[in-house]
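K.L.:
Sequence first, then the predicted structure, then my questions.
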Amino acid sequence: MGHPEEFMNNLLTIIDNKKAQLDKTRPLPSALVQNLKQWFAIELTYSSNALEGNTLNERETALVVEKGLTIAGKTVKEHLEAINHAQALEIIYEYAQKKRADITLQDILTLHHLILKGIDDKHAGTFRKTVVRIAGSKIKLPDPIKIPELMDDFITWLHTTKEHPVTIAADAHYDLVAIHPFVDGNGRTARLVMNLLLIQAGYPPAIIEPKERNQYLDALAHADTSGDKETFRQFIYKAVIASLDIYLDAINRSY
């Protein structure tokens, strides 16, 4: 096994090569683009919510989002989580038309508002005013008084950083979870912002599958305790490679 940094750079090289392959085929046929967007919308909605304990499976998520059906035995909250997340994804495709330097704090608050709409309207789109702890974690989250300043710093960093676009997306996700600006919905908002940054830079969105939940949480926790984000970045790089492969495979099968 080589040096960790070398391994990371190799993953970024793989990403760059696959992205170059994808770019060569652009513009993609609009029917294929639409098909992939719809597939990813269901997968991202299902997986992001499942990570937080939602019990709708992929097929049920599709029925709720695409057909407006209700699933017997599932809660109103679970239905709303699916509908809200799908709507938030539509918004990130709109935001992706902007440059990274034009993303605002209000954009992030709007995404969070959509996530909690009808579920917790009191806290939707607003910073937490209380101290919170993550169950099963010894990490102390920032004091609520510091959140506005931390979020301003986050936006400044987002506008000025010169890292690889996929590294920026991974770090944005990590930083938002670390700041934990909201009472609820931090993970879903962080994943949406990460995918907004990926789509904006011409990459497909990254899916974090429910079966990878422990690995994902361990990578976040490792960054919290050690200050070293490499394990988490590596986890996200692999998710981006998997999504690039889905796109490239779909393109190969359609020509």
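P.N.:
Here it is on my side, so go on.
K.L.:
before we move on, which element is the closest residue to T104 other than its chain neighbours in?
P.N.:
Leaving aside its sequence neighbours, T104 sits nearest to I155 (C-beta to C-beta, 6 or more residues apart in numbering; 7.1 Å). Yep, even glycine has a C-beta here, placed from its N, CA and C like the rest. Applying DSSP states H and E as the criterion places I155 in helix 147-160.
K.L.:
ok, back up a step: distance check, the residue nearest to T104 against D218.
P.N.:
Applying C-beta to C-beta, to the nearest Å, the value for I155 to D218 is 28 Å.
K.L.:
Measure how buried R100 is and give me the count.
P.N.:
R100: 18 surrounding residues under other C-beta atoms under 10 Å.
K.L.:
For L69, which non-adjacent residue is closest in space?
P.N.:
Nearest-residue entry for L69: L63, 4.5 Å, with adjacent residues in sequence omitted and distances by C-beta to C-beta, 6+ apart.
K.L.:
Just the residues contacting the helix or strand harbouring that neighbour, thanks.
P.N.:
For L63, the host element (DSSP H and E) is helix 58-67. When contacts are defined by C-beta atoms under 8 Å, 6 or more residues apart in numbering, helix 58-67 is touched by residues 38, 41-43, 45-46, 49, 56, 69-71, 74, 79, 82-83, 86.
K.L.:
Report the next helix or strand after it in sequence order.
P.N.:
For helix 58-67, the following helix or strand on the C-terminal side (DSSP H and E) is helix 76-95.
K.L.:
Helices of the stretch 101-250 of the chain, residue ranges please.
P.N.:
Along the stretch 101-250 of the chain, counting by DSSP state H, counting those that start in this stretch, helices occupy 105-116, 147-160, 165-179, 186-200, 213-226, 230-254.
K.L.:
excluding its backbone neighbours, what's nearest T225?
P.N.:
The spatial neighbour of T225 that comes closest, neighbours along the chain excluded (C-beta to C-beta, 6+ apart), is I139 at 7.3 Å.
K.L.:
tally of neighbours for that neighbour?
P.N.:
Residues lying near I139 (other C-beta under 10 Å) number 12.
K.L.:
quick one: it and A223 touch, right?
P.N.:
No. If you go by C-beta atoms under 8 Å, I139 and A223 don't touch, sitting 10.2 Å apart.
K.L.:
so where's the chain shaky on pLDDT?
P.N.:
Residues of the chain meeting the criterion pLDDT under 70: 1-5, 7-8.
K.L.:
centroid residue for it?
P.N.:
Computing the C-alpha centroid of the chain and ranking residues by C-alpha atoms, centre = their mean puts R191 first, at 1.8 Å.
K.L.:
Would you indicate which residues of stretch 206-213 are buried?
P.N.:
By neighbour count with 16 or more other C-beta atoms under 10 Å, stretch 206-213 contains the buried residues 206-208, 210, 212.
K.L.:
Show me what counts as buried in stretch 126-145.
P.N.:
Within stretch 126-145, the residues scored as buried using 16+ other C-beta under 10 Å are 127-128, 134, 141-142, 144.
K.L.:
hmm, I was thinking of stretch 106-121
P.N.:
Using 16+ other C-beta under 10 Å as the test for burial, stretch 106-121 gives 107-117, 119.
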